[in-house]
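Visitor: Sequence first, predicted model second:
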Amino acid sequence: MKIRRGKARVRTIISCIIALICAVGVVYSGAQIIAWKIDSDKTIAQTEEINQAVTIEEVDDSDDVEIIAEDEPKEPDTPYWRYIKMSLIDVDFTELRKINSDVGGWVQVKGTNINYPFAKAGDNEFYLKHSFNKSYNTAGWVWADYRNHVDGTDKNMILYAHGRNDGTMFGTLKNILTSGWLDNPDNYVVRTSNDYEDALWQVFSIYHVQVTNDYIKTLFSSDSEFDDFVKMITERSAYDFHTSVNTNDRLLTLSTCYAQSERVVLHAKLIKRLTKN
């Protein structure tokens, strides 16, 4: 009789422990959801503040605009020449710099919600968990690789941000892997602006990949190393854009998380720019 009572007591204790663990899990999950929502609301509020402070103008072509046309087809109806006709954007960073002196430029990706200033810090860690105004926020912000100079001399400028489920930051970069994005060739461009230049970039590679650093390169020791790099990221693309890239090209790379162990990546090449004094 005592044995039965002992077993019943043990079962009761185990049941209580399991119930306690489940309760703690529910409370923890609820706290995580609340924290995520708070950070999301802060990010949206920060974006609204930025949009009210910033001035973005469409830039008409002029004699000062440089067209990067080496090795491009001469037929005027090709996608390249259609993209060349698209306007640049020019951003006035005066007010944004009052919010954050780290501002490095602005990036706008067609067919996504990506339309943000990006920061430039001394490492690749700070803006993982800080908003544009430098307040703590696990949603982070868009930032340029710390090794980049964003002055027009980078061979490969890399921008990062979290792939947020609410569509903020690079949350909609995954759109590039969908038929809805790919079915519209006008989406295959990225526009940037900073203190040195306004630039138009043509997309030539998109993919999601297991976490790796092989596409995270800003400097190349030789033309052959750059050629090998371009070959690797072009062959990895989930879609053939029929776009050539040569050793004289400058690249733009956007990277974000796709899943726990995967990344979504976009590569584009510079095709037009307006250099600033």
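Guide: Cool, got the structure.
Visitor: so who does Lys98 touch?
Guide: Ala53 (Cβ atoms under 8 Å, 6 or more residues apart in numbering). Backbone N, C-alpha and C define where each C-beta goes, glycine included.
Visitor: What of Arg147?
Guide: Thr218, Leu219.
Visitor: gap between it and Met157?
Guide: Distance of Arg147 to Met157, computed by Cβ to Cβ, to the nearest Å: 10 Å.
Visitor: what sits in contact with each of the two?
Guide: Shared contacts of Arg147 and Met157, counting by Cβ under 8 Å, 6+ apart, come down to Thr218.
Visitor: Name the SS class of Trp181, please.
Guide: What DSSP: H, G, I helix; E, B strand; the rest coil gives for Trp181 is helix.
Visitor: what about it, neighbour count?
Guide: 20 (other Cβ atoms under 10 Å).
Visitor: Quick check: phi and psi on Arg191?
Guide: Torsion angles at Arg191 (phi, psi; degrees, to the nearest 10) stand at phi -120, psi 140.
Visitor: Isn't it up against Ala199?
Guide: Yes: the criterion here is Cβ atoms under 8 Å, and Arg191 meets it with Ala199 at 7.1 Å.
Visitor: now the stretch 151-277 of the chain, which segments are flagged as low pLDDT?
Guide: Of all residues in the stretch 151-277 of the chain, none has pLDDT under 70.
Visitor: the strands in it, which residues?
Guide: In the stretch 151-277 of the chain, the segments counted as strands under DSSP state E, counting those that start in this stretch are 156-160, 189-193, 197-210, 251-259, 262-275.
Visitor: Tell me which strands the third one pairs with, and in which orientation.
Guide: Note on strand 197-210: by DSSP bridges, its sheet partners are strand 189-193 (antiparallel), strand 262-275 (antiparallel).
Visitor: Show residues contacting the first one.
Guide: Residues external to strand 189-193 that are found in contact with it (Cβ under 8 Å, 6+ apart): 56, 83, 86, 88-91, 105-110, 198-203, 252, 254, 266, 268.
Visitor: If we use 6 Å, what do you get?
Guide: 83, 89-91, 105-110, 199-201, 268 (Cβ atoms under 6 Å, 6 or more residues apart in numbering).
Visitor: Out of these, flag the one nearest to Thr138.
Guide: Checking the contacts of strand 189-193 against Thr138 by Cβ to Cβ gives Val107 as the nearest, at 21.2 Å.
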